[in-house]
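> I'll drop the sequence and a predicted model, then ask my questions.
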Amino acid sequence: MVPGTGRALTTAAVVSYRLGQADGVSVEAATWSWALGRLGLAVCTVAGAGSADLLVPGLALDAATGPTAGELTAALDGADVVVVENLLSLPLNPAAGRALVEVLAGRPAVLRHHDLAWQRPGSSGGATPPDDPAWAHVTINDLSRRQLAERGIEAVTVRNAFDPDPPRGDRDGTRRRLGLGRAGRLVVQPTRALPRKDVPAAVRLAESLQATYWLLGPAEDGYAGELARVLASAAVPVVHGLGPATMADAYAAADVVAFPSRWEGFGNPVIESALYRRPLAIGPYPVAAELAAFGFRWFGAGDAGAIDAWLRQPDPALLDHNRALARRHFSRADLPGRLAPLLDSVLGERRWPR
């Protein structure tokens, strides 16, 4: 019950292929879960893999068969609103998508699109996400919102949000564990290893800077063999995997954050590097232009000369500038207020504890 009202607590179910992991969708689903909780909703998470309140294996990316409508109906029983995190955006498990569409028909839902089928590198197209009068669509960038509008789907943009005061990591201790002294340079790529993340470009940057290269995430999508070849041929020391360190430790230890991706729906390291006051070497993925418009100052991932010059004579004002922008425009403290109108739009006359 909602304290002091006698009303039943509104429940939100957050659903995705996988949750509770280090990928961007999982991280952002957790942030939305936090914001929904701040609005007074009870939140239940449902996923095919990872860590969730309810696991429905048929929802997983690699499931041999999709879930039944009965399984999903039981998993979502009691949810007043369902938040779908990318599961109906990218058809990575079509059977799961079809079953979820059946169960959500006419039911209040928010479809959050992190990226869309036609946006992935090498994609020649892709199905438009399903729609229903009872649903609201949310994109994390304006590019996706415009592209959905061209396909007849109205959406609103709610960009990713972040803790404006992230935990301080252990710079000295982490660098010692990596065998680095105070003078050694460290390039950190805080991503998984996929073709679109362009690991070779980050390695080349580390080589140009004569820096140790640290890739935090695992290989996925069949990239393990190619990654092994790229890392084995690197002309600088290589560290792969987060190990005992936290993400805060990795950012604290970094001298440069490498993010040479060719496609991202958002790109959390862009804002994270700013909040941790680290210079960013970024690739020219399309959505980066939207974020750059806020006024961030970055280096191109291929501009090793400019980065080397900055490392020789660091300019703290650049780091302060980027951090201030990140705190002003991307603070998770503002997220509950941005989600409240969405809940109004899908719940209509239903009462919820706002």
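Yep, it's here.
> which residues touch P218?
When the contact criterion is CB atoms under 8 Å, 6 or more residues apart in numbering, the partners of P218 are R192, A193, G241. The way it works is simple: take the backbone N, C-alpha and C, and place the C-beta from them, glycine included.
> now T157: how far from D142?
Using CB to CB, to the nearest Å, we find T157 at a distance of 5 Å from D142.
> buried subset of the contacts of P218?
Buried members of the contacts of P218, scored by 16 or more other CB atoms under 10 Å, are R192, A193.
> in the protein, where is pLDDT below threshold?
For the chain, the stretches with pLDDT under 70 are 1-9, 121-125, 349-354.
> ok, how many other residues are close to A105?
Around A105 there are 12 other residues, counting by other CB atoms under 10 Å.
> cool, and A228?
Neighbour count for A228, taken as other CB under 10 Å: 13.
> and it, helix, strand or coil?
Following DSSP: H, G, I helix; E, B strand; the rest coil, the label given to A228 is helix.
> of the contacts of P218, which is the nearest to L347?
Nearest to L347 among those: R192, at 35.1 Å, using CB to CB.
> I'd assumed A22 was in contact with that closest one.
Yes. Counting by CB atoms under 8 Å, R192 does reach A22; the two are 7.5 Å apart.
> common neighbours of those two, please.
Residues touching both R192 and A22 (CB under 8 Å, 6+ apart): G217.
> if I look at L343, how far off is A136?
Distance from L343 to A136, counting by CB to CB: 9 Å.
> the two - which one has more neighbours?
L343 (24 against 21).
> all strands of the stretch 51-200 of the chain, in order?
Along the stretch 51-200 of the chain, the segments classed as strands by DSSP state E, counting those that start in this stretch run 54-55, 81-85, 109-113, 135-139, 155-157, 186-189.
> and A292, how many residues sit next to it?
Neighbour tally, A292, other CB under 10 Å: 13.
> ramachandran coordinates for the closest residue to it other than its chain neighbours?
Leaving aside its sequence neighbours, A292 sits nearest to W298 (CB to CB, 6 or more residues apart in numbering; 7.1 Å). For W298, the backbone dihedrals (degrees, to the nearest 10) come out as phi -120, psi 170.
> confirm for me that W298 is in contact with P284.
No. With contacts counted by CB under 8 Å, W298 stays clear of P284, the gap being 10.7 Å.
> the more surrounded of those two?
W298 (20 against 12).
> please parse the chain into its domains.
Here the domain parsing of the chain from automatic domain parsing is 11-161+332-347, 171-329.
> in what helix or strand does H321 lie?
Here H321 sits within helix 316-329, counting by DSSP states H and E.
> can you give me the buried ones in that helix?
Neighbour-count burial for helix 316-329 [16+ other CB under 10 Å]: L318, L319, N322, R323, L325, A326, R327.
> could you find the closest non-adjacent residue to S89?
Of all residues not flanking S89 in the chain, H113 sits nearest, at 4.2 Å (CB to CB, 6+ apart).
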